[in-house]
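**Q** Give me a model of this one.
(chains A and B)
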Amino acid sequence: MAASASPLSSYKSLVNLLASTVLSLMIIASNTSVPVIQVRNLVLDGSAYLYVPIQWIETLFTLEHDYKILQQNYIKAQIELNKHKTLVQENQRLRNSLGFKREKSFNVIPANVLSDVGSHTMNSLTVDQGSDDGVMLLAGVVDARAQLVGKIVAVAPNTALVQLVNDKNFRVSVREMRSRNVGILSYYLKKGYVIQDVPKNAEVIAGDSVVTSGFSDIFPEHIFVGWVSEISPVIEDYVKSIQVDLATDFNRLEEVFILESDD
Amino acid sequence: MIDIIKYSVLGLLTLIFQWMLGDIFSIYGVTPSFLVIFIIYVGLTHSQLQAIWLGFMLGFIIDSLTGTQMLGISALALSIVGYLAGIFHGRIVRIPVIVQYLLHTGFLLVFFILTVMISLQDSQWSAGNIVFLILLPKTIYTLGLLSGIFFLLRVGSD
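**A** Residues are numbered from 1 along each chain as shown, chains lettered A, B, ... in the order given. Predicted structure coming up:
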């Protein structure tokens, strides 16, 4: 075995450590600068090449099964759509007569999930659509059932990175459908997903639906988030918190839809 | 030169393994880091300089892939771990096994303190919860895997 390191090599190592530390700190300090974003995008795009063949093979095996499910869902959706068309027209007519401003409309960009990463830093997934396909930073992302998935946090020309709603740092403005109360949904240790500061007299029961409030530019209104699972006791006599079970099954995400604002 | 290429390719394979299959090893949300095991291995058995720069590059790539909000933090943590492990390059076999375990634990703690604590500093979690429910379980889990891998590779034994 080699003897202990000579003073010269130890000095050389220290210089190298110092150089790598300075470089790392520079990268940390310039996270949003163009060169760093470009390098990050390059890595993201490069990673897509690894996943595309794997995903292609996976798709071959599930194609027929997926097609049957899609057909069934399509017919169900058509029936629902016909019902809703009548209601939307009626609603629009009434809104117009009351002078309401036009609601924001969104287009969707379908995208395949290339990889999902549950690291200690962020729960995220990579999709195969990027800025070349019209994907914008902070665009909302939903699944095939229009349930909340997350938001775009990095965009490369051919890929994009989605921060998932189950990430510990994710927050979204939501509305509880029965009481119509609005709050911020975020993750709390031991409690799970919680809407804080709901008025104590708000009528909420387990099983109620929770949807996005539409108060941000990221998500339109009425994207399904999940169900109320538990209501905490009233704290300090004026507010309570609501625990929510997320609807999206993150383990089975294969395709997602990126919301693109029409404005 | 061949060694540099060999360890770079091995590092990239470890990174791909961590990125694509890391979740398979998740127990109650606790995922081990194979990258830090690899960097410690390079530092202890091969070269301190390579451990520093491989740590930097692999850390940067994994940060880019996972979309962490503090790009570069894993690069910093892994290069520091590479340096620390490299200090014991060539000497590790002369160190008693129990001290070797303590050293490994120290390396892992340095890595996880830098990455976990900083990435969760803005979260709703208290410092105590981060330490006892994430930092320590991750360290212990990764240490278990590291011990198994190092035993198989006979790292630290004559």
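**Q** ok, now which ones touch the residue nearest to the spatial centre of chain B?
**A** Central residue check for chain B by C-alpha atoms, centre = their mean: the C-alpha nearest the mean position is that of residue B:36, 1.3 Å away. Taking C-beta atoms under 8 Å, 6 or more residues apart in numbering or on different chains as the criterion, residue B:36 is in contact with B:77, B:78, B:81, B:107, B:108, B:111, B:142. For glycine as for every other residue, the C-beta is placed from the backbone atoms N, C-alpha and C.
**Q** So it versus residue B:71, what's the distance?
**A** If you measure residue B:36 against residue B:71 using C-beta to C-beta, to the nearest Å, the figure is 18 Å.
**Q** Regarding residue 69, what is its secondary structure?
**A** Picked chain A for this. Residue A:69 falls in the helix class when you classify it by DSSP: H, G, I helix; E, B strand; the rest coil.
**Q** how about the strands in chain B?
**A** For chain B, no strands turn up when DSSP state E is the criterion.
**Q** do the same with the stretch 1-150 of chain A
**A** A:106-118, A:123-127, A:140-142, A:148-155 (DSSP state E, counting those that start in this stretch).
**Q** between the ones you listed, which gets the lowest average pLDDT?
**A** Lowest mean pLDDT of these: strand A:106-118, a mean of 78.
**Q** Quick check: neighbours of it in the sheet, parallel or antiparallel?
**A** When pairing is defined by DSSP bridges, strand A:106-118 lines up against strand A:123-127 (antiparallel), strand A:255-261 (antiparallel).
**Q** quick check, residue A:166 in a helix?
**A** No. With three-state DSSP as the criterion, residue A:166 is located in coil rather than a helix.
**Q** ok, and the closest non-adjacent residue to residue A:129?
**A** Residue nearest to residue A:129 in three dimensions, not counting chain neighbours: residue A:111, with 4.0 Å by C-beta to C-beta, 6 or more residues apart in numbering or on different chains.
**Q** same question, residue B:53
**A** Using C-beta to C-beta, 6+ apart, the nearest residue to residue B:53 is residue A:20, at 6.5 Å.
**Q** Report the contact partners of that neighbour.
**A** With contacts defined as C-beta under 8 Å, 6+ apart, residue A:20 is in contact with B:52, B:53, B:55, B:56, B:75, B:76, B:79.
**Q** neighbour-wise, which of those residues leads?
**A** residue B:55 (34 neighbours; other C-beta atoms under 10 Å in any protein chain shown).
**Q** secondary structure class for the closest residue to residue A:202 other than its chain neighbours?
**A** Once flanking residues are discounted, residue A:202 sits nearest to residue A:179: 4.0 Å by C-beta to C-beta, 6+ apart. Three states are possible here, and by three-state DSSP the one that applies to residue A:179 is coil.
**Q** As a check, name the ranges of all helices in the stretch 1-150 of chain A.
**A** Taking DSSP state H, counting those that start in this stretch, the helices of the stretch 1-150 of chain A run over residues A:7-29, A:34-98.
**Q** no no, chain B
**A** Defined through DSSP state H, the helices belonging to chain B, from first to last, are B:2-21, B:34-45, B:48-66, B:73-87, B:97-112, B:118-119, B:127-130, B:136-153.
**Q** Go through the helices of the stretch 1-150 of chain A and pick out the most buried.
**A** Mean neighbour count (mean count of other C-beta atoms under 10 Å in any protein chain shown) peaks for helix A:7-29 among the helices of the stretch 1-150 of chain A, with a mean of 15.
**Q** correct me, but residue A:174 touches residue A:224?
**A** No. Under the criterion of C-beta atoms under 8 Å, residue A:174 is not in contact with residue A:224, lying 10.2 Å apart.
**Q** Below-threshold pLDDT in chain B: ranges please.
**A** In the predicted model, chain B carries pLDDT under 70 at residues B:122-124, B:158.
**Q** if you set the cut-off to 80 instead, what comes out?
**A** For chain B, the stretches with pLDDT under 80 are B:1, B:20-23, B:29, B:66-69, B:117-127, B:129, B:156-158.
**Q** can you tell me which residues contact the nearest residue to residue A:27 once chain neighbours are set aside?
**A** The spatial neighbour of residue A:27 that comes closest, neighbours along the chain excluded (C-beta to C-beta, 6+ apart), is residue B:72 at 3.3 Å. By C-beta under 8 Å, 6+ apart, the residues touching residue B:72 are A:24, A:25, A:26, A:27, A:28, A:31, B:59, B:60, B:63.
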